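**Q** let me see the structure of the following:
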Amino acid sequence: MTSPNAVRLQVMGSLRVWRGGVELDAGPRQQRCLLALMAAQVDRPVGMSDLIDLIWGAGPPGSAVNVIHKYVGALRRLLEPGLALRSGGSFITRRDSGYRFTAGPESLDLVEFRQGVALAKESLGRDRPDRALDHYLDALRLCEGPAGGSLADSAGATAVFAGIDGEFLDAAIAAAGVAVTQDRPAVLLPALRLAARIGRLHEPVHAALMTTLAAGGHQAEALETYRSIRERLVEELGIDPGRELQEAHQQVLTQASPSVVVTRTPGAFPAAEDAAAGSAPLIVPAQLPPDQPMFVGRTVELGVLHDLVDSMRDDRRTSPMVVAVDGMGGVGKSTLVTHFAHQVAGEFGDGQLYLDLRGNEGEDGSVPAAEALRSLLYGLGLRAADVPDTFDALVGAYRSLTAGKRILVTLDDVRDASQVRPLLPNSADGLVLITSRRPLVGLAASDGARLYRAYVPDLAEARQLLSSRLAYLRNPRAIGVEPDVIDEIIELCGRLPLALAILAARLSVRPQLSLATVAAELRDLDQRLAAFPEGRGVTDPRTAFSWSYRQLSPGAARMFRLLSVALVPGITIDAAAALAGQDLECARAQIEELTEAALVAEGESGCFTSHVLVRAYAGELFRTVDPVAAQRAAITRLLQYYLHSSYNAQVVLEPNRTPIAPAPPEPGVVPRRPRSYREAIDWFAGQSEVLKEAVRVGADLGYGIVPWQLAITMQQYFEWFGHFQDWEDVMRFALRAAREKRDVVGEAHVLRSLAGARWFLNAYEECLDLLSAALRVFVEHGMLLEQALTHINFHSVHTALGEHEKALEHARIAVGLCRAAGNEKSEMRCLDCMGRSLTHLGEYERAAVELQQALDLNLAVGRRHEEAMIRVSIAHNLIERGRTEDAVAELKRAVEAARSVGQGPYHFEAFRSLAELLIETKDLAGAREAFDRAGGVLQSFQGGGPRHMRAALSRLAAKLPGRP
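**A** You can find the predicted model right below:
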C-alpha cells in the first residue's frame, strides 16, 4: 500500500510528481523547470547564479533570485505539506548560495535508474550476465522519453537534461551487448528504439539497435534503421556514417555473428612514427605533485569524487570525464584534488599530467592556453623541435597524442572555461581534474563537466586536521593543548584548512607559544589576520584572498570592502544596496559576482555572509582604502535602512502608540515597506538578530541613528513572540545611548519599554521604579498618551502583585488620559484593565459592563490585537458569575484572535485558562488538548517562556489527570 505521504518524482521523461499515488500539479512552467533541474542534479549543491543561468540563460529578470526563493518555498510545500515554516525539509535544503535536492531510489526515478545500472555492472563483474541484464531492464524501463520533457529554455538546462539522456543511452548500449550474448535480444528492443528516438544522431545507439534487431531476426528493420540514420547524418550534419555504424551495417548484410562493436581510431600523429624510427621516444608522464603527508578527513568529498570516476567506467563514453572543484581561497581544493588524484592514478596506465594554470593571477598573469599546451606536449615526451607553432596545430597535436589513452590530467587553479577547454584530452578513457576559484558553468554546459564546490570542513574534521599537525610538535604538552581552546581557535579561523595549517606550523617553530595566546590574538577581528605570518614562501590567508579580490570589478571590490561592516548574522540585497548607496540591480550584480568568487555565501534566509577571515581581510581593506568620511557614510546608510524599514513595519502592525517618525534617510537608502501584517511580522522575524545588532552598533558608535527609535519599533514583535530577554537587552543598549546623548524623552520611552520586558521576567519592584521615572518625564512634557500607557503598565504590575485597588486606580486615570488624547485604541485597553481589576475585587456586574464596552469598542475599530486579551478578561468574569459554558466559548474566541495575529502571551493565557476551565467541567480530553497547545506556545518563547508562565503551566499539570 502506498504511504499517504510518499513522494515520487519522474525526470527521465516529462516531469511528473506523485504523493501517496496521486499525481500533483508541480506549478507554473519555470517552477517545474526548477524542480526538474534540481532533481536532475540530485545530491549536488547548485549555486544561485547557476540556477538563474539554467532557468533564464543570458537574460534573467532582476527579480530572479526572489522568484527562485518563491518557487523553492512552493515546491517544499508541494512535496511536504506539513513542513514547518522556514524549514528546509528532507528534499530541498539550502547549501551555501544555492540548493541541494536529496532523494532516494524510492522517491526519484533517476536515483533508482542509477542504482539499477550500478547493480548491473556489479553483476557483470561477478560474471552474472543474466542478473546484469535483468538489472539493466529494470533501470531502462524507468525512462519514458527525453529528460525534463520540453522544460529546457537555456543552453545550460539543455546540457543538464542531455546528461541524463546520455546516461540512458550509455546504459541501453551496454545492455544491448549483454542481451545479445545472452540470446535475449528481443527484451532490449523497446529500450533501444526509445534510445534511438532520443539520440536521433547518436551513432553508437543506432549501431546497437541494428545489431540487436539482426540478432532477433529483424534484418529488414535493421537495414531500414541504417538507411534512416545515414540520411539524417548526411542531411543534417553533412557527414557519412562512422566506422561503428558501417561495421554494424556490414554485420547485418552478411549475417555475421551479431555483437555490439566499439571501435576508436586514435588518429595518426607524425611524432609517433618518428619515435618508432628511432628518435626520442614518447614517455609515460607521472607529473602529480607529492601528496599531502598529513592529509586527513574529507571523507564526503572523496566519496563524491570516487562516485564520479566510477561512473566513467563504461566503454561507450565518447569524451573524457571532467570534474571541476571550486571554492574559496584556502579551503583546500588543490590538496583535496591532488590527494584524490594519487588515489586513482593507478587506473590511468598511460600517465598523469599536471599543470598549475595560475588562474588566481587574472587574465594577464595566468598561463595562456597555447603555453599550457606546449607544457603538456613536453610532458607527453614530444621534442621541442616537433612542437607546432600555431595554436590550432598545438591543439591537434595534443589531441592526437592523447587519443584513446587512459590518462589523468590535473589542471590546478584554472581561470575560466576558455583557458581549460583546449586542454581536454581526446579520450573517453581520460579523467580531467580541475580546481578553480569560480564555478566553471560554461565548461559544464558545453563540455559536460561535473561541478563540485568544496566547503570548509566540519568541526570534527577541522579538529582532526589541527590536532594531527600539532601531534608532530616535539613537546606538545608545552603548549597546553586543551580541547576547548583548540575548538575556539578552529572556529575563530572559520575552520579554514590553510589557516589551521599555518597556525600549526607557527606553533611547531615556537614550541613555547601557548594555544591560549593564539586564541587571544584571533579574538580581535581587526587584527585577526596578523596571527598568520606573511612571506618566507608562505601563502597566508590574506594573500590567498587577495588573489580573488584583485580579479573583482571595481564595483564588486567596493561592495566587498563595505560588507566588512555588515551586521551579523548576514545582509540582504536590499540592505547591501543601502550600504553602498546604489540601486538594487547594481547591488545584486555585485553580490552575485562576490558569490561566484566564493568571497560571500548566501544562507538559508536569503542573507549573505562572509567567512570570518575573509571578513577580516575585507575590514582591513575598508579601513585603508576607503576614506573615513566614506566609511562613516556607509555605516550611517546601513543603520538608517534598518531603522526606517523597521519603522515602516511597525506602522503596519498598528501599535497603540504610533512610532515616532525618524528623520528622513540619507540619499541612497531605500527602506523596505511591508504592505501587510504578515509581511511586517516576517520582516521582524527574519531580521530580529540584525536589528538587535544595529541598536548595539548605533549605541557604540554614537552616530548613524537614534538607537532608541529603532529599539522601540521592535518592542511589539518581541512581546508578541516571547523574545523577552532580547527585548531587555535591546532596551539596555538604547538606554545607555539615550543617557549619553542626554535625550530625556528618549530615555523615558526606553524606561517604559524596559519595564515591560522586566515585568515578563518577574522583576515587579524594578518595574515600578522604571515606570515612575518615565512618568515624571511624560508629565513634565505634557505627553498625555504616553502618560496613559504608563498607567496601563502600572496596572499590570500592581495586578501581578495582587494590589487590585491600586491597579484599578491606575486604570481609571488611564481612561481619562486616553479620552483627553482622543485615542480609542488605548482607551479599549484601559477599559479592559478596569474590568479585570473589578473582577478581581468581586464587582462582577460592574466589571462586565466595562469589559463589554471595551469589546464593543474593539469590534468597532477592528483590532484583533486587543480582542484576545479582552475576551480572556470576559471569560474570567463569566467564570466568576457561574456561566461556564459562555466562558469556554469566549476563551475559544480568544484563542483564535490571538493566533491570527501571533500574540503569544495571550495565546498562552487563553489556552491555559481554557484547560483550567475544562478540567472543572470534567472535559478532560479538551483540557489535555488545550494544555498541550499552551505548552506548545510556551516552548516557542525564548528560553521556554517566563518563569511565572512556566509555573502556571506546572500548577495546571498537577490538576490534570495523567500528567506528572
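**Q** show me the shaky parts of the stretch 551-700 of the chain.
**A** 656 (pLDDT under 70).
**Q** typo on my end, the stretch 201-350 of the chain
**A** 254-283, 312-316.
**Q** let's go with 50 and repeat that
**A** Residues of the stretch 201-350 of the chain that meet the criterion pLDDT under 50 lie in 256-282.
**Q** contacting residues around Ser14?
**A** The contact partners of Ser14, by CB atoms under 8 Å, 6 or more residues apart in numbering, come to 144-145, 148-150. Glycine gets a C-beta too; all of them are placed from N, C-alpha and C.
**Q** 7 Å - rerun?
**A** 145, 149 (CB atoms under 7 Å, 6 or more residues apart in numbering).
**Q** helix or strand: which one has it?
**A** Of the helices and strands defined by DSSP states H and E, none includes Ser14.
**Q** and the strands in the stretch 1-150 of the chain?
**A** For the stretch 1-150 of the chain, the strands defined by DSSP state E, counting those that start in this stretch cover 7-10, 16-19, 22-24, 46-47, 92-95, 98-101.
**Q** report how many residues lie close to Ser548.
**A** If you count neighbours by other CB atoms under 10 Å, Ser548 ends up with 20.
**Q** would you mind measuring from Leu377 to Asn426?
**A** 13 Å (CB to CB, to the nearest Å).
**Q** err, Met321, not the other one
**A** 13 Å.
**Q** repeat that for Arg131.
**A** For Arg131 relative to Asn426 (CB to CB), the value is 35 Å.
**Q** then Ala58?
**A** According to CB to CB, Ala58 stands 30 Å off from Asn426.
**Q** quickly find the element holding Glu521.
**A** Glu521 is located in helix 515-523, with elements delineated by DSSP H and E.
**Q** show me the contacts for Asp487.
**A** So Asp487 contacts 459, 463 (CB under 7 Å, 6+ apart).
**Q** mind redoing it with 10 Å?
**A** Residues in contact with Asp487, defined by CB atoms under 10 Å, 6 or more residues apart in numbering, are 459, 462-463, 466, 519.
**Q** return the subset of these lying in helices.
**A** 459, 462-463, 466, 519 (DSSP state H).
**Q** from those, pick the one nearest Gly297.
**A** Nearest to Gly297 out of the ones in helices among the contacts of Asp487 is Ala462 (CB to CB; 8.0 Å).
**Q** once you drop chain neighbours, what's closest to that closest one?
**A** Leaving aside its sequence neighbours, Ala462 sits nearest to Arg495 (CB to CB, 6 or more residues apart in numbering; 4.1 Å).
**Q** ok, which stretches of the stretch 801-950 of the chain are helices?
**A** Taking DSSP state H, counting those that start in this stretch as the test, the helices found in the stretch 801-950 of the chain are 804-821, 824-840, 844-861, 864-880, 884-901, 904-920, 924-940, 947-959.
**Q** returning to what we had before: what sits in contact with each of Leu377 and Asn426?
**A** Common contacts of Leu377 and Asn426 (CB under 10 Å, 6+ apart): 398, 401-402.
**Q** among the residues you listed, which ones are buried?
**A** Neighbour-count burial (16 or more other CB atoms under 10 Å) applied to the shared contacts of Leu377 and Asn426 gives 398, 401-402.
**Q** need the ones in helices among the contacts of Asp487 in CSV (columns: pLDDT and distance to Cys586).
**A** Shown next, in CSV, are these (pLDDT from 0 to 100; distance: CB to CB, whole Å):
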residue, pLDDT, distance to Cys586
Leu459, 88, 37
Ala462, 87, 37
Arg463, 86, 42
Leu466, 85, 41
Ala519, 85, 40
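**Q** thinking again about what came up before, the shared contacts of Leu377 and Asn426 into JSON lines, with extra columns for pLDDT?
**A** Formatted as JSON lines, those follow (pLDDT from 0 to 100):
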{"residue": "Tyr398", "pLDDT": "90"}
{"residue": "Leu401", "pLDDT": "88"}
{"residue": "Thr402", "pLDDT": "89"}
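**Q** return the member of the residues you listed nearest to Phe941.
**A** Thr402 (65.2 Å).
**Q** number of residues surrounding the residue nearest to that closest one when sequence neighbours are not counted?
**A** With sequence-adjacent residues excluded and distances taken as CB to CB, 6+ apart, Thr402 is closest to Pro425, at 3.6 Å. Residues contacting Pro425 under the criterion other CB under 10 Å number 27.
**Q** perfect, I'm done here.
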